[in-house]
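[1] Here is my input; please provide its structure:
(one chain, ligands or ions: 1)
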Amino acid sequence: MSENKILVVAADEATREAPCAALDAAGFEPVPAASVDSACDLVASMPVSLALVHGACPGDWRQLRRHAGAPPVVVMEAGAEVPRAVQAIRSGAVDFLTNPEDASAVVSVTRRHAVVMNSRGVIAVDERTRGVLDLARRVAPKPVTVLLNGESGTGKEVFARYLHEQSDRARGPFVAVNCAAIPENMLEALLFGYEKGAFTGATRSHPGKFEQAAGGTLLLDEISEIAPELQAKLLRALQEREVERLCGTAPIPVDARVVATTNRDLRQAVQNGQFREDLYYRLHVFPIQLPPLRERRDDILPLADAFLRKFGDGGATMSPGARHMLREYEWPGNVRELENVVQRALILADDGCVDAEDLRFELGPLSSAAPEADASLDDSMKDSEHRLILDTLRQSNGSRKMTAERLGISVRTLRYKLARMRDDGVPVPDSSAMAQVG
Ligand SMILES: Nc1ncnc2c1ncn2[C@@H]1O[C@H](COP(=O)(O)OP(=O)(O)OP(=O)(O)O)[C@@H](O)[C@H]1O
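    Sure thing, here's the model as predicted:
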């Protein structure tokens, strides 16, 4: 699979053999190259996750790093002395391998540094994303609070999980709380826990998310949406490293690494008086800014390919015209929108090949609630839109909310479209009927 390509660069085949075999056995796709020049050509022609380059290889491996979409480089040299390793790392290598014959060493250095990983991992091909990922990788083992900032759908949660997986807490729990989705009056009990009788219905005591994340990572998604009173309590938890359950009598130590995300400008929120300044500084220990997808265009096609594999039946492909359109589009909804567009396109693609006309962008007709947008749809587009909506409804067991999410439109727009479909005589099952079917 293209997201697992690892370059193995060494002049002679015998040197390449052991690392290639080790990578192959571990499920990576080793791509051999006999010189840095040919490695550069390969990097220009396909996404590569990592390059393992022999120190004595012809050419200067640093050239690889200068390439657009360059993979990180690990230099390998059997039995090399420490100064050589230091020199390589100073020159930009991410690691130095002194035992390239050792299969487990090759695999573990690759797992550690390959930036484009399996389908559960982070796709990072663009130079900017690689930079962000590199930053995340370096801060992951440090016990500091990380604030991930970026537009909606840029992959903040994906990066939060990556931070967790790259930390020494990876074996511990990863607990995520979407602060914007929980009603204000429930968030406090959810985060900090409660004792029996703390409120009507609290029939037994319950640990909060801080406690549940002990030994692991607590993701506070959309932190800017926390109400001011709760901000004070959160600040205390972060500062004192202890929490108190609602109606609790004793403080409970906190052993969770906190990662927070926001798609708002928190500094602006502080200036507007909506966010506490002291909490802002507490969270801002290590900020990471995720660029919008339109500013890291080299990620678009590798992401699209990953989504093709995720939602397609294995053999799904995409025409050059469709690829061109994906690359040129502005992606206001970022990676989430790309994911939705590919998923929708696969439903419309007849023969498993996504063509340009199968792409429905959210700036296009489907996202608009305006009646005039529908009026402009020709009949066949209307048909495919109806088919798409009904298929997605069915897959979502009739849930309007899930259907809207999958289609990347608001529930309001979906309801409007369903009403129009009914007006057009399209039989639209109601949600309870579909739930029974599902
Ligand atoms: N680099 C990436 N590699 C693979 N998948 C990604 C990447 N970035 C985002 N995605 C996918 O895009 C979707 C949106 O990502 P995610 O939920 O992490 O975004 P977000 O910034 O947290 O969004 P929001 O602010 O709306 O919560 C997810 O399905 C995620 O799997």
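[2] Name the residues of the stretch 101-250 of the chain found near the ligand, please.
    122, 123, 124, 150, 152, 153, 154, 155, 156, 157, 158, 221 (CB under 6 Å from any ligand atom). Yep, even glycine has a C-beta here, placed from its N, CA and C like the rest.
[3] Buried ones from these, can you make that a ChimeraX selection?
    In ChimeraX, a selection of the buried entries from these looks like this (16 or more other CB atoms under 10 Å):
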select :122,123,124,150,153,154,155,156,157,158,221
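[4] wait, which of the residues of the stretch 101-250 of the chain next to the ligand is closest to the ligand?
    Using CB to the nearest ligand atom, residue 155 comes nearest to the ligand of these, at 2.5 Å.
[5] wait, isn't that closest one in contact with residue 335?
    Yes: using CB atoms under 8 Å, residue 155 makes contact with residue 335 at a distance of 5.2 Å.
[6] Identify the contacts common to these two.
    When contacts are counted by CB atoms under 8 Å, 6 or more residues apart in numbering, the set common to residue 155 and residue 335 is empty.
[7] Any idea what the closest residue to residue 20 other than its chain neighbours is bridged to?
    Closest residue to residue 20 apart from its sequence neighbours, by CB to CB, 6 or more residues apart in numbering: residue 30 at 4.0 Å. Here residue 30 sits in beta bridges with residue 6, going by DSSP bridges.
[8] could you pull out the strands for the stretch 251-400 of the chain?
    For the stretch 251-400 of the chain, the strands defined by DSSP state E, counting those that start in this stretch occupy 252-253, 257-262, 286-289, 317-318, 353-354.
[9] quick one: which of the ones you listed is nearest the ligand?
    strand 257-262 (5.9 Å).
[10] other SSEs contacting that closest one?
    strand 146-149, helix 156-165, strand 217-221 (3 or more CB pairs under 8 Å, 6 or more residues apart in numbering; DSSP states H and E).
[11] got the contact list for stretch 6-16?
    Outside stretch 6-16, the residues touching it (CB under 8 Å, 6+ apart) are 19-20, 23, 28-36, 39, 42-43, 48-54, 56-58, 61, 71, 100, 110, 114.
[12] can you do 7 Å?
    Residues outside stretch 6-16 that contact it (CB atoms under 7 Å, 6 or more residues apart in numbering) are 19-20, 23, 28-36, 39, 42, 48-54, 57-58, 71, 110, 114.
[13] What's the ChimeraX line that selects buried ones from the residues you listed?
    Only the buried entries of those go into this ChimeraX selection, using 16+ other CB under 10 Å:
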select :19,20,23,28,30,31,32,33,34,36,39,42,48,49,50,51,52,53,54,57,71,110,114
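[14] nearest spatial neighbour of residue 222, skipping sequence neighbours?
    residue 180 (4.0 Å).
[15] Quick one: neighbours of that neighbour, just the number.
    14 (other CB atoms under 10 Å).
[16] wait, doesn't it sit right on residue 220?
    No: using CB atoms under 7 Å as the test, residue 180 is too far from residue 220 to be in contact (10.5 Å).
[17] re the thing from before, the residue nearest to residue 222 falls within a helix, correct?
    No: going by DSSP: H, G, I helix; E, B strand; the rest coil, the assignment for residue 180 is coil, not a helix.
[18] quick one: pLDDT of it?
    On pLDDT, residue 180 comes in at 87.
[19] coming back round to it: can you lay out the residues of the stretch 101-250 of the chain next to the ligand as a markdown table showing pLDDT?
    As requested, those are exported to a markdown table (pLDDT from 0 to 100):
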| residue | pLDDT |
| --- | --- |
| 122 | 84 |
| 123 | 86 |
| 124 | 84 |
| 150 | 96 |
| 152 | 92 |
| 153 | 94 |
| 154 | 97 |
| 155 | 95 |
| 156 | 96 |
| 157 | 94 |
| 158 | 94 |
| 221 | 94 |
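[20] how far away is residue 299 from the ligand?
    7 Å (CB to the nearest ligand atom, to the nearest Å).
[21] In contact with the residue lying closest to that residue once chain neighbours are set aside: list those residues for me.
    For residue 299, ignoring the flanking residues on the chain, the nearest one in space by CB to CB, 6+ apart is residue 126 at 4.4 Å. Neighbouring residues of residue 126 by CB under 7 Å, 6+ apart: 69, 296, 297, 298, 299.
[22] closest to the ligand among these?
    residue 299 (6.7 Å).
[23] Regarding residue 167, what is its secondary structure?
    coil.
[24] Find the residue at the geometric middle of this structure.
    Compute the mean C-alpha point of the chain, and by CA atoms, centre = their mean the closest residue is residue 158, 2.9 Å away.
[25] mind listing what that residue touches?
    residue 122.
[26] what's the spacing between it and residue 150?
    Noted for residue 158: a distance of 11 Å to residue 150, by CB to CB, to the nearest Å.
[27] now residue 122
    For residue 122, the distance to residue 150 - CB to CB - is 13 Å.
[28] Let me know how buried the nearest residue to residue 227 once chain neighbours are set aside is, in neighbour terms.
    Closest residue to residue 227 apart from its sequence neighbours, by CB to CB, 6+ apart: residue 184 at 5.1 Å. Residues lying near residue 184 (other CB under 10 Å) number 12.
[29] Point out where the stretch 301-438 of the chain drops to low pLDDT.
    Within the stretch 301-438 of the chain, the segments meeting pLDDT under 70 span 314-315, 363-384, 408, 431-438.
[30] Which residues of it lie near the ligand?
    So the stretch 301-438 of the chain meets the ligand at 303, 335, 336, 339 (CB under 6 Å from any ligand atom).
[31] Reformat the residues you listed as JSON lines; add neighbour count.
    Below are those laid out as JSON lines (neighbours: other CB atoms under 10 Å):
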{"residue": "303", "neighbour count": "24"}
{"residue": "335", "neighbour count": "23"}
{"residue": "336", "neighbour count": "18"}
{"residue": "339", "neighbour count": "20"}
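[32] farthest-separated two in these?
    303 and 336 (10.6 Å; CB to CB).
[33] quick check, distance from stretch 137-154 to the centre of its chain.
    12 Å (CA atoms, centre = their mean, to the nearest Å).
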